[in-house]
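[1] Sequence first, predicted model second:
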Amino acid sequence: MSALPAGGCRDLPVLRERGQREVFCGLTGIIWLHRKMQDAFFLVVGSRTCAHLLQSAAGVMIFAEPRFGTAILEEKDLAGLADAQTELDREVDRLLARRPDIRQLFLVGSCPSEVIKLDLAKAAERQSARHAPHVRVLNFSGSGIETTFTQGEDACLAAMVPVLPQTPARELLLVGALPDVVEDQALALLAAMGIAPVRVLPARRLGGMPAVGAHTVFALTQPFLADTREALLRRGARQIAAPFPFGEEGTTLWLRAVADEFGVPADLFESVTAAPRARARKAVAAQAETLRDRTLFFFPDSQLEVPLARFLARECGMRPLEVGTPYLHRDILGPDLDLLPQVPVLSEGQDVDRQLDRARAQRPDLTVCGLGLANPLEAEGLATKWAIELVFTPVHFYEQAGDLAGLFARPLRRRALLSPATALEAAE
Ligand code: SF4
């Protein structure tokens, strides 16, 4: 379908950049993680800046009591004049006494807590002993130092893996926080193929957390889970390598890799996937009208860039000019790199000014980037898509394939509507 040269990008030379970066920090992940884990609370140990970031990222529509908050480090904490561990204990005790619905508490590190070297692992251990078995307390870092925003989920899930119970059972584990409706669709497809038992990490509640062992096989649903993957491999689990389930093709190949692992007969696979595949193809085709032959430039941000470039190039006919990603984990992205038609530039890391120069020189039809870059680029006449929307919107598997393509088509349609030529045509 694509006019780009085929051949895959696995062996393509990578432009590695280590300059200034424009990304959100890992605290952002709390927004979707707290929705997913319904008995968890995320207590950020940070500054007022961290509290503001969370509040603005979460929006103002909090109807119930929120399940995240910030224990603010005051100046006396930062100056070492107060015992931050004692104060944290007091905050946690107060929170858990007031909120008996909390079964999992995450102490989330931030730039300020890391700068003053506040040992949250020790605090979590102490608090766990104090509040077990009703509450399990773990810690992870959402700090913005040298990270990108999807690493928050990775750090959270990686923190859970060592405390998952052991199992000798052969089980399939899906790894990644998907919206419930999407997760249910995936589970229904796997169940229809007779694959069981299937567990998910993270589970919606503490009681549903999976066990793991040498006979666990796992499939990632998000490409940014490098540390979680490592932690699972250390527990003896084995990964099923596959492209990520974006679009009709990605979903089919992901499901097929899982189905092959569990010996699902080809005719059963076909009968289960035929109808949703056809729906996905049709939905993507409708959006591809707008996307075909349009050029595309990815700034590194969500770590979804490679699988999305694969989807947009192969299923929507777009022409990626540069695919930038914060980290190029070949063990995770290999199957997507194999399918991605050769792109002019595959880059890892960022030197934002140099990358902006490249984008300006090429003037792509669509630029996928972080919020901080989108407005200036829009002002320069470039259509943009906020990468962060891709983790807040259901985009995985068949039923969302059309919506996923639509996320990229919308800014192009809007720009076409706003362009003077179109306005003139409409007036005539
Ligand atoms: S963790 Fe760091 S980057 Fe994130 S909001 Fe707090 S201070 Fe800012």
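    Yep, it's here.

[2] distance of P394 from K36?
    According to Cβ to Cβ, to the nearest Å, P394 and K36 sit 12 Å apart. From N, CA and C alone the C-beta is placed, and that goes for glycine too.

[3] nearest spatial neighbour of the residue of the stretch 1-150 of the chain found nearest the ligand, skipping sequence neighbours?
    When distances are taken as Cβ to the nearest ligand atom, the stretch 1-150 of the chain reaches nearest to the ligand at G144, 2.5 Å away. Using Cβ to Cβ, 6 or more residues apart in numbering and skipping the chain neighbours, the partner closest in space to G144 is C25 (2.9 Å).

[4] pretty sure the one you found is touching S141, no?
    No: when contacts are counted by Cβ atoms under 8 Å, C25 is not listed as touching S141 (9.6 Å).

[5] check contacts around S113.
    Contact partners of S113, counting by Cβ atoms under 8 Å, 6 or more residues apart in numbering, are 45-46, 73, 120, 143.

[6] Mind telling me what element the residue of the stretch 151-300 of the chain found nearest the ligand is part of?
    For the stretch 151-300 of the chain, the nearest residue to the ligand under the criterion Cβ to the nearest ligand atom is G152, separated by 9.3 Å. Using DSSP states H and E, the secondary-structure element containing G152 is helix 151-160.

[7] Around the ligand, pick out the residues from the stretch 101-250 of the chain.
    For the stretch 101-250 of the chain, the residues in contact with the ligand under the definition Cβ under 6 Å from any ligand atom are 110-111, 142-144.

[8] how about a cut-off of 5 Å?
    The interface of the stretch 101-250 of the chain toward the ligand, taken as Cβ under 5 Å from any ligand atom, is made up of 110-111, 143-144.

[9] So which of those sit within helices?
    C111 (DSSP state H).

[10] mind putting the residues of the stretch 101-250 of the chain next to the ligand in JSON lines, neighbour count and pLDDT included?
    Output for these, formatted as JSON lines (neighbours: other Cβ atoms under 10 Å; pLDDT from 0 to 100):
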{"residue": "S110", "neighbour count": "28", "pLDDT": "95"}
{"residue": "C111", "neighbour count": "18", "pLDDT": "93"}
{"residue": "S143", "neighbour count": "23", "pLDDT": "92"}
{"residue": "G144", "neighbour count": "23", "pLDDT": "84"}
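
[11] my guess is the residue of the stretch 151-300 of the chain closest to the ligand meets G142, correct?
    Yes: with the criterion set as Cβ under 8 Å, G152 and G142 qualify as a contacting pair; they are 4.6 Å apart.

[12] of those two, who's got more company?
    In this comparison of G152 against G142, neighbours counted by other Cβ atoms under 10 Å, the higher total goes to G142 at 31 against 28.

[13] The more buried one and L53: what is the separation?
    In this view, G142 and L53 are 10 Å apart by Cβ to Cβ.

[14] and if you look at L187?
    As judged by Cβ to Cβ, L187 and L53 stand 33 Å apart.

[15] more neighbours, these two?
    Legend: neighbour count by other Cβ under 10 Å for L187 and L53, higher for L53 (23 against 16).

[16] residues touching the residue nearest to the more buried one when sequence neighbours are not counted, list them.
    What sits nearest to L53 in space, not counting adjacent residues and going by Cβ to Cβ, 6+ apart, is L27, at 5.8 Å. Residues counted as contacts of L27 (Cβ under 8 Å, 6+ apart) are 44, 46, 50, 53-54, 57, 108, 110, 142, 144, 152.

[17] JSON lines for these, including distance to G207?
    Putting these into JSON lines (distance: Cβ to Cβ, whole Å) gives the following:
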{"residue": "V44", "distance to G207": "25"}
{"residue": "G46", "distance to G207": "30"}
{"residue": "C50", "distance to G207": "30"}
{"residue": "L53", "distance to G207": "31"}
{"residue": "L54", "distance to G207": "27"}
{"residue": "A57", "distance to G207": "29"}
{"residue": "V108", "distance to G207": "22"}
{"residue": "S110", "distance to G207": "29"}
{"residue": "G142", "distance to G207": "25"}
{"residue": "G144", "distance to G207": "33"}
{"residue": "G152", "distance to G207": "24"}
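
[18] Lowest pLDDT pick from these?
    Per-residue confidence across the contacts of L27 is lowest for A57, with 73 (pLDDT).

[19] Which neighbouring elements make contact with whichever strand or helix holds that one?
    Assigned by DSSP H and E, A57 belongs to helix 48-58. Counting by 3 or more Cβ pairs under 8 Å, 6 or more residues apart in numbering; DSSP states H and E, the packing neighbours recorded for helix 48-58 are helix 29-36, strand 40-46, strand 68-72.

[20] Can you redo those as CSV, where the extra columns are distance to the ligand and mean neighbour count?
    As requested, those are exported to CSV (distance: least, Cβ to the nearest ligand atom, whole Å; neighbours: other Cβ atoms under 10 Å):
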stretch, distance to the ligand, mean neighbour count
helix 29-36, 11, 21
strand 40-46, 5, 25
strand 68-72, 9, 20
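
[21] And the strands in the stretch 151-300 of the chain?
    In the stretch 151-300 of the chain, the segments counted as strands under DSSP state E, counting those that start in this stretch are 171-175, 198-201, 216-220, 238-239, 295-298.

[22] okay if I get those strands as CSV plus mean pLDDT and mean neighbour count?
    Conversion of those to CSV gives the following (pLDDT from 0 to 100; neighbours: other Cβ atoms under 10 Å):
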stretch, mean pLDDT, mean neighbour count
strand 171-175, 98, 21
strand 198-201, 98, 20
strand 216-220, 98, 22
strand 238-239, 98, 15
strand 295-298, 98, 24
